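> this one's sequence-less:
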């Protein structure tokens, strides 16, 4: 009975989680080696259940394929391979009609890159 209730609550939570499928764009403040610059961000996302696929980048021409993506309630986690074992990681929260959060380069030879982004879904 307990497993049934846990499964039921998980199903209800998944049904109420927002779907981030669509095109998102906005601003990004990125810091690389102690130098901060403003840039743009452009994400094309497809959500199936809790899995997120698609592309991320600064614009329509320059994008990386998402290699790992997930949604847990209003929390979005995205990874894209940049070079070798290095990856760009986005940790975002759904805030009304926006995706807001952080990005960071991770990996053995990843440059020191981090940033904040605020995205709005295109209509």
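Thanks, I have the structure now. Keep in mind that what you see is a predicted model, and the values were worked out from it rather than measured. Residues are numbered from 1 along each chain as shown.

> where's the spatially closest residue to residue 114 that is not a sequence neighbour relative to residue 80, distance?
Closest residue to residue 114 apart from its sequence neighbours, by Cβ to Cβ, 6 or more residues apart in numbering: residue 104 at 4.7 Å. For every residue, glycine as well, the C-beta is placed using N, CA and C. In this structure, residue 104 and residue 80 are 12 Å apart, going by Cβ to Cβ, to the nearest Å.

> Same drill for these two, tell me which one is more crowded.
residue 80 (19 against 15; other Cβ atoms under 10 Å).

> which ones are touching the more buried one?
When the contact criterion is Cβ atoms under 8 Å, 6 or more residues apart in numbering, the partners of residue 80 are 55, 56, 64, 65, 66, 67, 87, 88.

> Need the overlap of contacts for residue 104 and residue 80.
Residues touching both residue 104 and residue 80 by Cβ under 8 Å, 6+ apart: residue 88.

> May I see the PyMOL selection of the buried members of the contacts of residue 80?
The command below creates a PyMOL selection of those among those that count as buried (16 or more other Cβ atoms under 10 Å):
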select buried, resi 55+56+64+66+87+88
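
> Longest strand in this structure, by number of residues?
In the chain, taking DSSP state E as the definition, the longest strand is strand 35-48.

> Adjacent strands (with direction) for that strand?
The strands beside strand 35-48 in its sheet (DSSP bridges) come out as strand 22-32 (antiparallel), strand 51-57 (antiparallel).

> before we move on, back to that, check which helix or strand the residue nearest to residue 114 maps to.
Element membership for residue 104 (DSSP states H and E) is strand 98-106.

> by how many degrees do that strand and strand 51-57 diverge?
For the pair strand 98-106 and strand 51-57, the angle between their directions (axes from the mean of the first three to the mean of the last three Cα atoms, to 10 degrees) equals 80 degrees.

> quick one on the thing from earlier: test my guess that the residue nearest to residue 114 contacts residue 111.
No. With contacts defined as Cβ atoms under 8 Å, residue 104 does not count as touching residue 111, sitting 10.6 Å away.
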